[in-house]
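*Asks:* Any chance you can model this:
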Amino acid sequence: MIAHLRGEPVLTGDRWVVIDVGGIGYQIFVTQPALHLLAQTKQPVKLFTYMAVREDAITLFGFMHQSELEMFRILIGVSGIGPQTALNLLSQIGIEEFAMAILNEDERALTRISGIGAKSAKRLILELRDKMKKVSQTIVSGDLGRAGPAVHDAVSALVSLGFAEKESRDAVNDAARALKSPTVQEIIKAALVKMKDR
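*Replies:* Below you'll find the model as predicted:
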């Protein structure tokens, strides 16, 4: 089992990135926010990985933060939700927002995700409600949980690029407060400026 990889992004595709680790290129399927960020960096990054083994393929799925990997594992445990569907889901909704939708039994929030219909939303809520109650404190925690998915993703991205978590969190929180409804990329850019000025 490959638990994580650290290396340089050398190539990106529609839903994947190739990470060069000591001269070996690993193709890893990632979420859209992670793909956008990885396509813009040539610095070494760390991805937490899940290796899916089937008769005809061995596939790696990568995440910039451990909590995203944990949510991915939870999702693929739901009947009818495979790795690609889980990755698609995590590309469209932050893990805190998803956890809250499950806990609040908010079918409308779930059906806004492409590929998730009313039946799938009901099944997700039914199968994950109790599990989310147990893990919500670890996944939706601290300043990140209250600040929203964009802030969480921005901090995760900076940490994966090698910045200290506290420094990243402080800079991202400052940047997010100064911007109105920012995207993850806007927060990251503003946070990098703030860290450079410190």
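*Asks:* how near is residue 9 to residue 73?
*Replies:* Computed as C-beta to C-beta, to the nearest Å, the residue 9 to residue 73 distance reads 24 Å. To be clear about C-beta, it is placed using only N, CA and C from the backbone, and glycine gets the same treatment.
*Asks:* which one of the two has more residues nearby?
*Replies:* A count of neighbours by other C-beta atoms under 10 Å puts residue 9 above the other of residue 9 and residue 73, at 22 against 11.
*Asks:* Give me the domain ranges for the protein.
*Replies:* 4-63, 67-82+93-140, 143-197 (automatic domain parsing).
*Asks:* Name the next helix or strand downstream of the lowest-mean-pLDDT helix or strand in the chain, please.
*Replies:* Lowest on mean pLDDT, DSSP states H and E among the helices and strands of the chain sits helix 142-147, with a mean of 42. Going down the chain from helix 142-147, the next helix or strand is helix 149-160, by DSSP states H and E.
*Asks:* Please, where are all the strands along this structure?
*Replies:* Here the chain has its strands, by DSSP state E, at 4-12, 16-21, 24-29, 45-53, 58-63.
*Asks:* chain center to the second one: distance?
*Replies:* Using C-alpha atoms, centre = their mean, to the nearest Å, the distance from the centre of strand 16-21 to the centre of the chain it belongs to is 17 Å.
*Asks:* What are the buried residues along it?
*Replies:* The neighbour-count check on strand 16-21 (16 or more other C-beta atoms under 10 Å) flags 16, 17, 18, 19 as buried.
*Asks:* Output the below-cut-off pLDDT ranges for this structure.
*Replies:* Low-confidence segments of the chain (pLDDT under 70): 134-149, 198.
*Asks:* Can you tell me how far the one residue sitting closest to the centre of it is from residue 54?
*Replies:* Nearest to the mean C-alpha position of the chain, counting by C-alpha atoms, centre = their mean, stands residue 68 at 4.6 Å. Distance, residue 68 to residue 54, by C-beta to C-beta: 22 Å.
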